[in-house]
Every structure is written in structure tokens, then in C-alpha cells.
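In: I would like the atomic coordinates for the input below:
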Amino acid sequence: MKTIVYFLLLSVLFMGCSSNEPIIEPDPAEAEIYFPPFNSDIWVTKSITELGWNENQLQPLLDFLETNNTKSFMILHDGKVVIEEYMNGHDASKLWYWASAGKTLTTTLSGIAQEEGLIDIDHKVSDYLGTDWTSATLEKENLITCKHLLSMNSGLDDSSDAVEPEDLQYVADAGTRWAYHNVYKKMQDVIASTSGSTFANYFNSKLRDKIGMTNTSGGWLQLSNFNVYWSNTRSMARFGLMIYANGKWGNTQIVPEDFLKEATNTSQNINKSYGYLWWLNGKSSYHLPGSQLEFNGELIPNAPIDMYAALGKNDQKIYIVPSKKLVVIRMGEAADSETFALSSFDNDLWGKINNLID
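Out: Below you'll find the model as predicted:
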């Protein structure tokens, strides 16, 4: 996908209300994990030499990234920047789309809404949206819970990207079929309905503003059937850092740790490598978008087994690796051909990263 509508309706990205709640920034000196300050370009760094990594493998990694259509790349170690590079005409101030890596923003907001008592993900979707939000019979529609939306096993037809009732046709009972599908967007409707706000405004006040993803560095843009989040690279890195920190920003718990643990573990017994819109490494098998086939082996063999990831179309990546204390961000065009989540680029990239860090 070539530089899609980058300047199209850019002002839309900056719309939305901010929270009136006070924001208390963490004191970096008091935390093992470093959290960068708000409204500042300052982000503490850590050198490759300090970490004992293989400095002679940095340039091969950067060359590989640039050759494969990367626009930006970051590695954080315990929150500190080890690598931050921009290439192929991109820079730190420019926005880029998260594509389906942004699904994990919906997961996070679901956990926050549940903690606030607005929703229960074990309840059926029709409790919040009313009946007839699908074309399934009432009996079959009432089988679908919010958890099924987050786990991609609603049983609804995945052949269309649209999520109007006429597009959401019954294929199988909820919980019996895994299929990568835009129906997860109905969770955004659930959150909007129960919060008495728009999803974007709830996102702004409960997540964006609390971790420094300010309104000058991103926003939601409706493109065709997709509500896509755009941001600069550091905003994506802030989100990844909050997830790495078990849902905290400094001393503030943004999303409950227990929910996050649940979200980043196998959510159903069909696709073992899928949580709540998060992809999981180290499992014995996996499914891919657009297929009902089961593939044996790990999702990304070169990556650490405890790695979990937000994967977006055309190789938008957030990798979280607790055992290595790493958050890795990649934005850009497709490395090779158009993909919806996983691609061969993931494994190749981790081969290069391993050469650097091992």
C-alpha cells in the first residue's frame, strides 16, 4: 500500500475531547522502567555498548529495514531508547497508520471499560447493542459475547469487511470457529454506548492523554470500512511501553494487569496463538487471516517464545518481549507483498534483531 491518503483529512486526526482529569507524570528516578515525560522531545537513551549487544550488527539491521520499505523503527529497553531510526522520507513528526496493530487499542479500552463497571466481556453483545445487530437468528446472535469479538471466534461470516447487520451472517455457533474479521469493531460500539461518549473521546480521556499520546501526534480516521488509528512512532512506542509495564504508566494503573495477562494469553482453543486481538508467539500452532487451516509450529520461530505482538496490515508491528525487556516498533510500507498480519518479514526481522542483541 503506497502512502495512502497521508494528508487526507489530516485535521480529523486532531479532533476529540481531552480529559479534564489531572494527569500526574511519573518520576523517572523512582521507577525501574523508564517512562518519558509528556509534551517533551526528551526520551532517555541507553547505548548498545551499555547493553553488551553486537554493535557491528546494527548497520546490517538498519540496511535490512530500509531496503524493506521501513519508515520508522524503535527498540526500547526497559523504556529507554536504544534505537530510533527514520528512513525512506519519514521523520519523527510524521504520522503513519497502525492498521490492525490498532486492534489492541480496542482491547485495552475494553479492559478499562470493564474495570469501570461499564461492561462485562462475558456478557452477550446484544446486552449492550440490542438485538438484530447481526443477521443471525436471535438464538444464535445471543450466543455471541464481547469476549468472542475480542477472540475472533464470533462464528460470523468473515468474507466481508463491512459490519452492518446484513454483512454479519451466521456461519457457525460462537466459540466454534476462529476467523480474522472486522466484527471486533462492534466492541468500539459497545464501549461508546456504555460510556455515553464516542469511542474516540473515551480513548482520548482514558488512554491517549494518560500516557502522553497527545492530540498533536495521532488520531482516528475513517477509511472505507476501517476506523484506523494514525500516530507518530513515539506514540506507538508509548503504548507498547505501557503494555510492557503490565498496564501501568509510572505509578498509575491504566488497564488492569489481570485483564492484560488474560488478553495476552490464548483466548480460545482453536487458534492457540491468539489472545484478545494480540498475536502470541511460542505456541504449538496458529491460524492466519483468511484461512481455516491450522499451521504447526510457532508464529515467529526466530522471536523469543514469550513475545506477543500487535500486527497490522503491510507490516505495522509492536513486539513486546518481557524476557528481554524489549518493546520493538516498526512502521512502513509492506516489506514485500500486501499482508494482513503475519508475514515472512517478521521472522526475517527477528533474525536480524537476534544478531544484534545476542
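
In: for the rest of this, base every contact and every neighbour count on C-alpha atoms.
Out: Will do.

In: and the helix-or-strand element of the chain with minimal mean pLDDT, what does it pack onto?
Out: Least confident helix or strand of the chain, by mean pLDDT, DSSP states H and E, is strand 218-223 with a mean of 82. Counting by 3 or more Cα pairs under 8 Å, 6 or more residues apart in numbering; DSSP states H and E, the packing neighbours recorded for strand 218-223 are strand 226-231.

In: and the strand it packs on, how far out from the chain middle?
Out: Here the centre of strand 226-231 is set off from its chain's centre by 11 Å, with Cα atoms, centre = their mean, to the nearest Å.

In: show me what it is packed against.
Out: Contacts defined by 3+ Cα pairs under 8 Å, 6+ apart place strand 226-231 against strand 96-97, strand 218-223.

In: within the sheet, what are the partner strands of the last one, with directions?
Out: By that I understand strand 218-223. Taking DSSP bridges as the criterion, strand 218-223 forms sheet pairs with strand 226-231 (antiparallel).

In: ditto for the first one
Out: Strand 96-97 pairs in its sheet with strand 226-231 (antiparallel), by DSSP bridges.

In: run through who's touching the strand it pairs with.
Out: Residues from elsewhere that reach strand 226-231 (Cα atoms under 8 Å, 6 or more residues apart in numbering): 13, 94-100, 102, 217-222.

In: list buried residues within those.
Out: If you count burial by 16 or more other Cα atoms under 10 Å, the buried members of those come out as 13, 94-100, 102, 217-221.

In: rebuild those as CSV, extending it with distance to Q316.
Out: What follows is the buried ones among the contacts of strand 226-231, written out as CSV (distance: Cα to Cα, whole Å):
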residue, distance to Q316
L13, 19
K94, 15
L95, 13
W96, 9
Y97, 8
W98, 6
A99, 7
S100, 8
G102, 9
S217, 17
G218, 15
G219, 16
W220, 16
L221, 17
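
In: which of the residues you listed has the weakest pLDDT?
Out: Confidence by pLDDT is poorest for L13 among the buried ones among the contacts of strand 226-231, given 42.

In: leaving out chain neighbours, which residue sits closest to I33?
Out: Among residues not flanking I33 along the chain, D78 sits closest, at 4.9 Å (Cα to Cα, 6 or more residues apart in numbering).

In: pLDDT score for that neighbour?
Out: Listed pLDDT for D78 reads 98.

In: now do it against D91, distance only.
Out: 24 Å (Cα to Cα, to the nearest Å).

In: so which of the two has more stuff around it?
Out: When D78 is set against D91 and neighbours are counted by other Cα atoms under 10 Å, the residue ahead is D78, at 20 against 14.

In: what are the phi and psi values at that one?
Out: When read as degrees, to the nearest 10, the backbone of D78 gives phi 50, psi 40.

In: what of P37?
Out: phi -70, psi 160.

In: and it, how far is that from N232?
Out: 16 Å.

In: and what of K94?
Out: 6 Å.
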